[in-house]
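> What follows is a predicted structure for the sequence shown.
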Amino acid sequence: MESSIVRNRLNLAIDAARRSSAERRARNDEASRSYERFLEFAVPLFKQVAQALKASGYPFTVFTPGGSVKLMSDKSAEDYIELSLDSSGEYPVVVGRVSRTRGSRVMDSELPIAQKQVAELTEDDVLEFVLKIITPFVER
């Protein structure tokens with residue numbers, strides 16, 4: 001293959017990578033701004049859930065470590081539900097990290113809270129996620 005063809009194709013690939021990187025940075029910047037607005041309703045909702053759980057005999061506390069919101073059991077620091085922004089993929093998403101102990105085992109999972117862009121998430125999306133995930137924490 002001729003050197004000029006290789007060089008041209010390589011330059012095209014480099015240009016495409018630069019455009020893709022710039023687009024990803026722009027998406028991540030927009031998602032970060034949207035995520036700040038998301039936390040404005042997610043944190044109070046997590047506090048409401050924690051109060052309702054306490055009233056039902058399940059002591060949970062809400063923490064807001066470094067740009068996330070965490071609902072943690074007062075009985076075990078290994079039992080929690082945490083929401084945070086994950087911008088490591090092609091598109092940024094709000095993920096729920098769930099950690100639960102069962103005996104001496106710790107089970108961790110991570111999944112998007114909804115199949116939506118960060119700016120489209122609502123209180124209902126957060127509540128639906130929490131209600132779906134909370135079951136193992138309140139089973140007796």
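Received, thanks. Residues are numbered from 1 along each chain as shown.

> Pick out the residue closest to the middle of the chain.
Val95 (2.1 Å; Cα atoms, centre = their mean).

> shouldn't it be in contact with Ser84?
Yes: the pair Val95 / Ser84 is scored as a contact, 6.3 Å apart, by Cβ atoms under 8 Å. All C-beta atoms are positioned from the backbone trio N, CA, C, and that covers glycine.

> what's the neighbour count on the residue nearest to the residue nearest to the centre of the chain when sequence neighbours are not counted?
Residue nearest to Val95 in three dimensions, not counting chain neighbours: Asp86, with 4.6 Å by Cβ to Cβ, 6 or more residues apart in numbering. Using other Cβ atoms under 10 Å, the number of residues around Asp86 comes to 14.

> So what does Asp86 have for phi and psi?
phi -110, psi 110 (degrees, to the nearest 10).

> Also the one 5 residues further on?
Recorded main-chain torsions at Tyr91 are phi -120, psi 140, according to degrees, to the nearest 10.

> residue contacts, Tyr35?
Applying Cβ atoms under 8 Å, 6 or more residues apart in numbering to Tyr35 gives the contacts Gly67, Leu85, Pro92, Val94, Val118.

> again, but for Ile113
Ile113 neighbours (Cβ under 8 Å, 6+ apart): Leu83, Val94, Val95, Gly96, Leu121, Asp125, Val126, Phe129.

> Would you indicate which residues of the strand ranked longest in the chain are buried?
Criterion DSSP state E: the longest strand present in the chain is strand 93-102. When neighbours are counted by 16 or more other Cβ atoms under 10 Å, the buried residues of strand 93-102 are found to be Val93, Val94, Val95, Gly96, Arg97, Val98, Ser99, Arg100.

> if we can go back for a sec, can you pull up the bridge partners for the residue nearest to Val95?
Counting by DSSP bridges, Asp86 is bridged to Val93.

> Which parts of the chain are helices?
Secondary structure of the chain, counting by DSSP state H: helices at 3-55, 123-138.

> Mind putting those into CSV with mean pLDDT?
Below are the helices of the chain laid out as CSV (pLDDT from 0 to 100):
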stretch, mean pLDDT
helix 3-55, 90
helix 123-138, 93
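
> nearest to Asp108, of these?
helix 123-138 (12.5 Å; Cβ to Cβ).
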